[in-house]
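K.L.:
Have a look; sequence and predicted model below, questions after that.
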Amino acid sequence: MKKTVIPFGPQHPVLPEPLVLDLVLMDEKVVDAIPTIGYIHRGLEMMVERVEYTEMGFVVERICGICSFMHGMGYCVSLESIMNVEVPERAGWLRLIWAEISRIQSHLLWLGLGADAFGFENLFMHCWRMREQILDIFEKTTGGRIIHSVNRIGGVKRDIADSELAAILVQLQELGAAFKDTARVFRTDPSIAHRLGGVGVLTTEDARAVDAVGPMARASGIATDTRLLGANFYDRVELEPVVETAGDCLARVLVRMREIDQSIDIVRQAIDKMPKGEGQPIENRPRGLPAGETFTRLEQPRGEVLYYVKANGTKNLERFRARTPTFANIPAMIKLVKGCDLADVPNIILTIDPCISCTER
Amino acid sequence: MDGSAFLARVGAYHEAGWRLALINATTVVAPAAGTHGHVTTAEAATTGAGAPTSAGEVPAPATPPAPSAPVAPPAVEAPGVFEIAWAFARGNEFETIREQIEAGEAVPSVSELFGAAFLYENEIRELFGINVTGIGLDLHGQLYKTATRVPFSHAAIKARLKANAAAVKKP
């Protein structure tokens, strides 16, 4: 049979981001997929040569608009480990709280996009309505809805008052209760089960072979979670990795839904355990210039992110590299797309939660 | 670098159940001006078009470019040196293998062992011009679309449109 090549992207109704796949089809089956990136390659890693290391954190934050807080945090954590700076306790807890809130935000955004892709417009709006409440929390506490710029090398820029933290927790718990109703649709609706169940199955062996990370790996039965390493105060809260075993598109939806509940619980624990009181130090400014190198691993909403920072004692870093979770998950996505029906391609691509801005930097 | 000894070391990580976390290149000594990064790959993509077996072979940045190439001939005396780090993770453990290579020196691909390696390898070849050989899914300089589209200048786009129009008229 004759093979047909269909370009998927960079402009495609299902994906707002410019991912490009050349799909090789035989009839309706995909036999091969060739990825291309670079439509939004901005050369942000090269910018370390021109931007001072203190300002680079704000550039790193702009790699991606969804995990912007985690990018800023990863950069600051890397520089802190090079410059041997201890973060004040209150600042560490605040970072953890913001990181978990941004995970909820990212998962709600993605659930909405996923719902939109399989034709549930109303579900999309409900998810994004809830995400809006999270953005309001961010606006109130950091001053920015998407780009927060609260991370600094050595701590954070703003404190949150204890009374406000308590109010945030109430708001999050109300949101969690309201989300149960939305989650019920994802769990029980027969059309969704039909559309996602058994589609794009990534077995545990395959997930290991292509080095999948994050919810992608956890939906295939691999209990991996970078937060379990315990860095950045995660050793002081209790968390279990959310694991599903089916490995299909539905399992990836379920993992992310359960992680929303998990994150709300982590925020509750953090607010419980952090030291109370006003006027505590939140920033421990480093002295001198950084020299040395480090690898930093964090768990972003999409999976493990890896930063490599090399500093040479000048105010410009020598090398900055961010390996984002989507970059690590693209081989898994290509593996899934091969052999599936053309009509399932959008759903499979969406369930890896692709962030192309992160991938291309 | 010693290719077979290197692959044996990487193979040991694979056997022991490690996960490939990153392949990262760092410039130690920058190659001569005009031969670094995108420009090199753009040449490779245009000169290598139509020859699938050799299209992926990026010429060594130190070798003088073809006479038709738009960049100035580089100084041959100073070849670039890159450090490549292969990072592996297993639970809480994290280790790297590091090798220093000269520009143009062949680096064997590890994509036979680690399925995710092809993306990193295509990337360092396109953005650093490092000669990685035997990549599982070889994209021939087409991973980053910018590789074939530089420069983005108005004049370059105009010239391309003109050439396209001429090609259409001919038959």
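P.N.:
Now that the structure is in, tell me what you want to look at.

K.L.:
Every contact and neighbour count from this point should use C-alpha atoms.
P.N.:
OK.

K.L.:
so where does residue A:54 fall, helix or strand?
P.N.:
helix A:53-61 (DSSP states H and E).

K.L.:
What of residue B:82?
P.N.:
Going by DSSP H and E, residue B:82 is part of strand B:81-90.

K.L.:
Does that strand reach chain A?
P.N.:
No - judged by Cα under 8 Å from any Cα of the partner chain, strand B:81-90 and chain A are separated, with a smallest distance of 9.4 Å.

K.L.:
okay, now the closest residue to residue A:201 other than its chain neighbours: neighbour count?
P.N.:
Nearest non-adjacent residue to residue A:201, counting by Cα to Cα, 6 or more residues apart in numbering or on different chains: residue A:248, 4.2 Å away. Residues near residue A:248, counting by other Cα atoms under 10 Å in any protein chain shown, number 23.

K.L.:
how about the closest residue to residue A:88 other than its chain neighbours, what does it touch?
P.N.:
In this structure, residue A:88 finds its nearest non-sequential neighbour in residue A:282, 5.6 Å apart by Cα to Cα, 6+ apart. With contact set as Cα atoms under 8 Å, 6 or more residues apart in numbering or on different chains, residue A:282 has these partners: A:87-91, A:155-159.

K.L.:
Could you do residue A:206 as well?
P.N.:
Counting by Cα under 8 Å, 6+ apart, residue A:206 has contacts residue A:332.

K.L.:
Name every strand pairing with the strand holding residue B:82 and say which way it goes.
P.N.:
strand B:19-29 (antiparallel), strand B:93-102 (antiparallel) (DSSP bridges).

K.L.:
still on that earlier bit, how far away is the residue nearest to residue A:201 from chain B?
P.N.:
Relative to chain B, residue A:248 is positioned 20 Å away (Cα to the nearest Cα, to the nearest Å).

K.L.:
from what I can see that residue touches residue A:199, true?
P.N.:
Yes - the pair residue A:248 / residue A:199 is scored as a contact, 5.5 Å apart, by Cα atoms under 8 Å.

K.L.:
give me phi/psi at the residue nearest to residue A:88?
P.N.:
Residue A:282 adopts backbone torsions of phi -120, psi 0, taken as degrees, to the nearest 10.

K.L.:
dump the residue contacts of the residue minimising distance to the centre of chain A.
P.N.:
For chain A, residue A:301 is the residue whose C-alpha lies nearest the centre (Cα atoms, centre = their mean; 2.7 Å). By Cα under 8 Å, 6+ apart, residue A:301 lies in contact with A:67, A:102-103, A:106-107, A:214.

K.L.:
State the pLDDT value of it.
P.N.:
Looking at residue A:301, its pLDDT is 90.

K.L.:
same question, residue A:4
P.N.:
For residue A:4, the model assigns a pLDDT of 84.

K.L.:
How about the secondary structure of it?
P.N.:
Following DSSP: H, G, I helix; E, B strand; the rest coil, residue A:4 is assigned to strand.

K.L.:
Look up which residues are beta-bridged to it.
P.N.:
residue A:25.

K.L.:
Near chain A, which residues of chain B? Just list them.
P.N.:
So far as Cα under 8 Å from any Cα goes, chain B lies against chain A at B:19-22, B:24, B:26, B:91-92, B:114-116, B:119, B:142-146.

K.L.:
and the residue nearest to residue A:201, what is it in contact with?
P.N.:
A:196-202, A:219-220.

K.L.:
what's the closest of those residues to chain B?
P.N.:
The nearest member of these to chain B, counting by Cα to the nearest Cα, is residue A:202 at 13.9 Å.

K.L.:
Wasn't the closest one part of a helix?
P.N.:
No - counting by three-state DSSP, residue A:202 falls outside a helix, being coil.

K.L.:
For it, what are phi and psi?
P.N.:
The phi/psi pair for residue A:202 (degrees, to the nearest 10) is phi -110, psi 110.

K.L.:
what's near enough to touch it?
P.N.:
So residue A:202 contacts A:220, A:247-248, A:332, A:336 (Cα under 8 Å, 6+ apart).

K.L.:
In JSON lines, list the strands paired with strand B:81-90 along with distance to residue A:26.
P.N.:
Shown next, in JSON lines, are the strands paired with strand B:81-90 (distance: least, Cα to Cα, whole Å):
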{"stretch": "strand B:19-29", "distance to residue A:26": "33"}
{"stretch": "strand B:93-102", "distance to residue A:26": "41"}
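
K.L.:
Would you tell me which one of those is buried the most?
P.N.:
Between those, strand B:19-29 has the highest mean count of neighbours, a mean of 21, where neighbours are mean count of other Cα atoms under 10 Å in any protein chain shown.

K.L.:
Which residues does that strand contact?
P.N.:
Residues from elsewhere that reach strand B:19-29 (Cα under 8 Å, 6+ apart): A:208, A:211, A:306, A:319, A:321, A:323, A:328, B:79-90, B:114, B:116-117, B:120-121, B:124, B:128.

K.L.:
Just the buried residues of these.
P.N.:
Among the contacts of strand B:19-29, those classed as buried by 16 or more other Cα atoms under 10 Å in any protein chain shown are A:208, A:211, A:306, A:319, A:321, A:323, A:328, B:79-82, B:84-89, B:114, B:116-117, B:120-121, B:124, B:128.

K.L.:
Just among the contacts of residue A:301, which is most surrounded?
P.N.:
residue A:214 (27 neighbours).

K.L.:
so what's it closest to, chain neighbours aside?
P.N.:
Per Cα to Cα, 6+ apart, closest to residue A:214 is residue A:303, 3.3 Å.

K.L.:
quick revisit: of the contacts of residue A:301, just say which sits nearest to residue A:29.
P.N.:
Using Cα to Cα, residue A:214 comes nearest to residue A:29 of the contacts of residue A:301, at 27.9 Å.

K.L.:
if I pick the closest one, what's in contact with it?
P.N.:
A:224-225, A:299-304, A:325.

K.L.:
would TSV of these with distance to residue A:171 and secondary structure be doable?
P.N.:
Shown next, in TSV, are the contacts of residue A:214 (distance: Cα to Cα, whole Å; DSSP: H, G, I helix; E, B strand; the rest coil):
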residue	distance to residue A:171	secondary structure
A:224	30	coil
A:225	27	coil
A:299	24	strand
A:300	23	strand
A:301	21	coil
A:302	24	coil
A:303	26	strand
A:304	28	strand
A:325	29	helix
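
K.L.:
partners of residue A:305 in the sheet?
P.N.:
With DSSP bridges as the rule, residue A:305 is bridged to residue A:298.
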